[in-house]
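Visitor: Next input, structure requested:
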Amino acid sequence: MALGVASGLWINTGLASPPFEEPPSSVQSPPGADPAEQTPPVPTTQPRNQPDDSNAASQEAAEADSDVSSPAGAKNAHPDEAAGGVGGERRAGGADAETPRAPRDEAASVKADGASGRPPVGEAKMMVGRGRGKVGPCTLLTDARALTIRSGGSATITLRLNGAPDSASINAATPNWSDIVVFAGAQTSGNGVSVRWYTIRSVSKRAGVYRVSFSTPCGSKTIPVTVTQP
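Guide: As a prediction, this is how the structure comes out:
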């Protein structure tokens, strides 16, 4: 009896419950179409704050190129300096060039020298020139071109140096020391002029023509000396 009651309840429950139906798809596939082709693509969205890897790589490459092409310090340079560059230096140079310079006061400098007790530079040079005398080309002059003396006698000759230093020396020599001798006198020097005289004496008392040579910084000369019998 209990089994009959349970069977009756199961039959009533099956009749009361409607059969399960699959809900229709929202997308109706046309007849004959492949269901795999009609599957809508899944949209791929990226987070708004996440940068694209390809764009980031391109930006880094562009920055590397700009760093290589731009000179050191161009990024940190002031906009005016980056735009001006050489022009800024030209403006500075132009400003200096346009600034007038004060004329040199020569009278003031001369007055200052006078107050210190020192002569101006130009006058000092002139004073030195007057003290030293006019120095011209160095020349050697003699008061005679040749000498003639008697056997056992003597003669004097004077040499003059023009334009030579005061310390210039005059030397005399002869290859005939056994027949004649040369005695040097005093030498005076000053203002670029040196004067010295020499005495030549016959010692062998033999007649003949002898030579005396004079050498100086201004050149040399040879004077013939003729010795005659009395």
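
Visitor: only C-alpha atoms for contact and neighbour calcs from this point on.
Guide: Fine.

Visitor: just checking, what packs against the helix or strand harbouring Ser213?
Guide: For Ser213, the element it lies in under DSSP states H and E is strand 208-216. When contacts are defined as 3 or more C-alpha pairs under 8 Å, 6 or more residues apart in numbering; DSSP states H and E, strand 208-216 sits against strand 171-173, strand 219-228.

Visitor: Check which residues of the longest one are buried.
Guide: With burial defined by 16 or more other C-alpha atoms under 10 Å, the residues of strand 219-228 counted as buried are 223, 225-228.

Visitor: re the thing from before, so what touches the strand holding Ser213?
Guide: Among residues not part of strand 208-216, those counted as contacts by C-alpha atoms under 8 Å, 6 or more residues apart in numbering are 140, 168-176, 180, 220-228.

Visitor: Following element in sequence after the lowest-mean-pLDDT helix or strand in the chain, please.
Guide: When the helices and strands of the chain are scored by mean pLDDT, DSSP states H and E, helix 121-132 comes last with a mean of 36. Downstream of helix 121-132, the next assigned helix or strand under DSSP H and E is strand 139-142.

Visitor: Now the helix or strand that that following strand is followed by: average pLDDT?
Guide: Using DSSP H and E, the helix or strand that follows strand 139-142 in sequence is strand 147-150. Mean pLDDT, strand 147-150: 95.

Visitor: quick revisit: what's the mean pLDDT across the strand holding Ser213?
Guide: pLDDT averaged over strand 208-216 gives 95.

Visitor: what about the nearest residue to Cys138 once chain neighbours are set aside, neighbour count?
Guide: Take Cys138 and drop its neighbours on the chain: the residue closest to it by C-alpha to C-alpha, 6 or more residues apart in numbering is Gly163, 4.4 Å away. Using other C-alpha atoms under 10 Å, the number of residues around Gly163 comes to 19.

Visitor: and Gly163, how far is that from Ala146?
Guide: 24 Å (C-alpha to C-alpha, to the nearest Å).

Visitor: name the element Pro165 belongs to?
Guide: If you go by DSSP H and E, Pro165 is not part of any helix or strand.

Visitor: That one is in contact with Gly192, isn't it?
Guide: Yes. At 5.7 Å, Pro165 counts as touching Gly192 under the criterion of C-alpha atoms under 8 Å.

Visitor: For Ile200, which residues count as its bridge partners?
Guide: Bridge pairing for Ile200 (DSSP bridges) gives the partners Ala155, Val182.

Visitor: burial measure for the residue nearest to Asn162 when sequence neighbours are not counted, as a count.
Guide: Leaving aside its sequence neighbours, Asn162 sits nearest to Val193 (C-alpha to C-alpha, 6+ apart; 4.8 Å). Val193 is flanked by 20 other residues according to other C-alpha under 10 Å.

Visitor: Could you check the pLDDT of Val193?
Guide: Looking at Val193, its pLDDT is 90.

Visitor: On the strand side of things, show who it bridges to.
Guide: Asn162, Gly190.

Visitor: dump the residue contacts of it.
Guide: So Val193 contacts 160-166 (C-alpha under 8 Å, 6+ apart).

Visitor: Swap in 7 Å and give it another go.
Guide: When contacts are counted by C-alpha atoms under 7 Å, 6 or more residues apart in numbering, Val193 touches 161-164.

Visitor: Considering those, which possesses the most neighbours?
Guide: Leu161 leads those on contacts (other C-alpha under 10 Å) with 26 neighbours.

Visitor: ok, that residue touching Ser194?
Guide: Yes. The criterion here is C-alpha atoms under 7 Å, and Leu161 meets it with Ser194 at 5.0 Å.

Visitor: so how many other residues sit close to Asn176?
Guide: If we define neighbours as other C-alpha under 10 Å, then Asn176 has 12 of them.
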